[in-house]
Structures are given as structure tokens and as C-alpha cells.
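predicted model and sequence below, questions to follow.
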Amino acid sequence: MTKHFQFGRLPLIVFGERTISQLPGLIKRYGKEVLLVTGRSSFGNSSSAVKFYEAVKSENIDINKLVIQGEPSDSIIDEAVAVYRVNPPRVVVAIGGGSVMDAGKAISAMIPVQGKIIDFLEGTGTRDHPGIKIPFIAIPTTSGTGSEATKNAVISRVGKNGFKKSLRHDNFVPDIALIDPELTISCPQNITAASGMDCFTQLVEAYLSNKANEYTNALALEGLKALKLSLINAYIDGNDIEARAGMSFAALTSGICLANAGLGVIHGFASSIGGLYNIPHGVVCGTLMAVSNEITVKRLREIYGSEPFLSKYSVLARIFLEGNDSRNEIDSFIEYLHGLTEKLHLPGLKTAGINENDLKKIASATDCKNNPVKLTTGDLCEILQRRYI
Ligand SMILES: [Fe+2]
């Protein structure tokens, strides 16, 4: 019998090459005053941007532009919101990577309420957000976080009192997710690798999650099949539009899966490291993926009743190692993950700038989330130490 589950709302999904041309029409559903949130360069210089600005001009759409650099902090959001509360836009549109989409999502949620965002964040806040927001359209220019389909915006403050926490509400799922793979063509190779590994981690963690359900399982496997065909090709040749489309699909799907099934220990690390260091989220996920899965498998094998999770690992192995008749497909899958880390040139934690003295602190602050098995602090230290290169 199917176990109990919930499956949250989805955005209106508009997917496909050149769908960016539909944006002016989608904006007009809400009105003509737009707050456009972008990154420094992800959209601004592209030919799609030129066409977009021409189209909005001819439609008399009034655009206020806000550029976000790096991952959004609470003060960046508070400052932006203070400006736009005075004369709120009819719709917020975010075009960029995960940080830009999270910034747009948080701004759209904070304009209609009073107070600072920190008061509403999970883990630091004391207030419940009522869930009201300005309509929000998310448009990714990387393939990674899946923020275009999730109900949370990640806000970080780096340093001594640092944190990486979510503003979360079912209503914060974007109203529209417009995914045009052509917008990801200009994504640089190192970001293609890091965001691609974030997406891979999200699909695998949601699939293996102790909160997974039949819907998230089915979707995660479709996302993983697309990723298998696309990740390396998109990394090698950024102009390969088929590979870019495959990764756009995988990233969108990873967002839907994580919003409904949760994530595992790798995202636990991403959260604890993200509060201390300014290292891209995808780099942390990518560099820790192989070892974290290796240790998770090791622990699962020691625990009675882990068969369903190990069977899921076998399913993953069969997707990624087709035709491989090795003695143990799960071990071969772990080897495949180690090989992928090398192939995508993901830096180790030392190269990424982490101080070795902080590893213990990071391990103690790491939550295993919905990992199929709870790892000990010793296991977490081992994972970090193995990737301290
Ligand atoms: Fe992620």
C-alpha cells in the first residue's frame, strides 16, 4: 500500500528553447510595473536580453532593475525591500542563477510584510510569514539549484555569526517558472560543473530520502536519466543545446523533488559550510558527493532493514553504468562518482579555501537531514578529511 505523502504546488512551467520571447506576455498577466532582478552578467549582455528589452519597450512595460552580486544576505534583501515597499511592483521577475532567483523570491515575499527577513528565517526567526507575496516569475540561467520550482529562498550571512537559512512557505513557489535552455549557453564551464553537481546531488538525495514518495521517485529517476545524457556534454561543449536542455530539465526536476522529498547529508554540509565560508554551493555539493555516498552505503550495509535504500542505489547504478556487469554495481556507482569529481575538476575543500581547524566545527554543525541513514560526527569528519585536498 502506498504510504502517506504530500506533494506541494508547482509553478506554471513554461519550458523550451526561445520561450523567453513569451516573457512580456506573461508579465502583462500581472500588470506593467516590473521589478527585474538579475545577476551581474548572466542575462544583461545576451542577445535574448536585447530582444526582451525591445519587446517590453514596445509593450510600455515599466522596468526597475536590481542587480544582485553573489549569494543574497539578509541585509541585501532588507535594503532592496525598503526601497520597493514604498511603491511596490505588480510582479517580480528574477533572471539568473540560484542566488538571483532566491533573491527575487525573498524580495517578492518580504515587500508585503513589515520587519526584517532574519525574523522569518528557519532556525533564526521568531515570526511566521503569512505567505502573502508579490507575484513572482523565476527564469534560470544556470542548471543547478532548481530554485525555479522550490518554496524556499536561501539567505546567508558569512563570518563569525554566519548562517545559511531558508525563508520558506508553500506560497513562495514561483507563480511561473520560465525555462529557456538557450539562456544557459553562456554559463561558464566551472559554473556548469558546480551547478550541474548541485542538481545531481539534489536528485540523488531526494531519491534516497527517507521522505521520498512514489511521485518524487518517478520524477527523480527521469531527471537523473536526463542528467546522465547531458552533464558531461554540457561541460565539454557549452554550445551543445541538447545537453543544455537536458540539464535545464534535470535542474527543474531536482527542484520539484527536493521541495517534496527533502535532501540528505551533502546539503547538510552545504548549509554548515555556507555559514562559515563564501564557497559556491555547487562546489561544496560536488566535491562531497562521492565520499558522502560511499560512507552512507557503508553504514547502510551494516544496518538491518536497509535493503530498500540499497536497492535504490542499485537502480542508480543501472542508470549510470549501463552495460557494466561488474561484481558489485553499487561500488561501481561510487567509483563512477569519484571519477566524475575528477572529470569536472571540482576543487577539494583545502583548495576551496577551508581552514583545516574548522573541519570539526563543520562536522558538529552538520545535520544529516533526510539521509537514508544517520551518520555519526566521526563519519562526517571522515568525509571532510577525505576531501581536504
Ligand atoms: Fe543544492
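Alright, I've got the coordinates.

what about the helices in the stretch 251-389 of the chain?
All helices of the stretch 251-389 of the chain, identified by DSSP state H, counting those that start in this stretch, fall at 265-274, 281-302, 307-320, 329-343, 359-364, 377-386.

how far off centre is the fourth one?
So that's helix 329-343. 22 Å (CA atoms, centre = their mean, to the nearest Å).

likewise the fifth one?
Taking CA atoms, centre = their mean, the mean C-alpha location of helix 359-364 is offset from the chain mean by 23 Å.

what packs against that helix?
Other elements packing on helix 359-364 under the criterion 3 or more CB pairs under 8 Å, 6 or more residues apart in numbering; DSSP states H and E are helix 265-274, helix 377-386. Every residue, glycine included, has its C-beta placed from N, CA and C.

buried residues, it. List them.
Neighbour counts over helix 359-364 (16 or more other CB atoms under 10 Å) mark 359, 362, 363 as buried.

same question for the fourth one.
The neighbour-count criterion (16+ other CB under 10 Å) identifies 329, 330, 332, 333, 334, 336, 337, 340, 341 as the buried residues of helix 329-343.

what sits against the first one?
So the one you mean is residue 329. Residues in contact with residue 329, defined by CB atoms under 8 Å, 6 or more residues apart in numbering, are 314, 317, 318, 321.

quick one: the second one and residue 327 touch, right?
No: counting by CB atoms under 8 Å, residue 317 sits too far from residue 327 to count as a contact (12.0 Å).

more neighbours, these two?
Neighbours were counted for residue 317 and for residue 327 using other CB atoms under 10 Å; residue 317 has more, 20 against 6.

could you check the pLDDT of the nearest residue to residue 184 once chain neighbours are set aside?
Once flanking residues are discounted, residue 184 sits nearest to residue 244: 4.9 Å by CB to CB, 6 or more residues apart in numbering. Listed pLDDT for residue 244 reads 98.

give me the neighbour count for residue 244.
When counting by other CB under 10 Å, one arrives at 25 neighbours for residue 244.

how near is it to residue 187?
According to CB to CB, to the nearest Å, residue 244 and residue 187 sit 8 Å apart.

could you do residue 285 as well?
Residue 285 is 17 Å from residue 187, by CB to CB.

ok, those two, which is more surrounded?
Set residue 285 next to residue 187 and count neighbours by other CB under 10 Å: residue 285 wins out with 28 against 23.

which of the helices of the stretch 251-389 of the chain sits closest to residue 31?
Of all the helices of the stretch 251-389 of the chain, helix 281-302 sits nearest to residue 31, with 33.0 Å by CB to CB.

most surrounded residue in the contacts of residue 329?
Of all those, the highest neighbour tally under other CB under 10 Å goes to residue 317, namely 20 neighbours.

contacts for the worst-scoring helix or strand of the chain on mean pLDDT, please.
Sorting the helices and strands of the chain by mean pLDDT, DSSP states H and E puts helix 47-58 at the bottom, at a mean of 83. Identification of contacts with helix 47-58 by CB under 8 Å, 6+ apart yields 20, 21, 23, 24, 27, 34, 43, 63, 180, 182, 183.

of those residues, buried ones?
Taking 16+ other CB under 10 Å as the criterion, what is buried in the contacts of helix 47-58 is 20, 23, 24, 27, 34, 43, 63, 180, 182, 183.

identify the residues contacting the helix or strand containing the second one?
Residue 23 is part of helix 23-28 when elements are defined by DSSP states H and E. Outside helix 23-28, the residues within contact range by CB under 8 Å, 6+ apart are 14, 34, 52, 55-56, 59, 61, 91, 93, 137, 139, 176, 178.

with distance to residue 113 as added columns, please give the residues you listed in CSV.
Compiled in CSV, these are given as follows (distance: CB to CB, whole Å):
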residue, distance to residue 113
14, 28
34, 21
52, 30
55, 32
56, 28
59, 30
61, 26
91, 18
93, 20
137, 20
139, 24
176, 22
178, 26
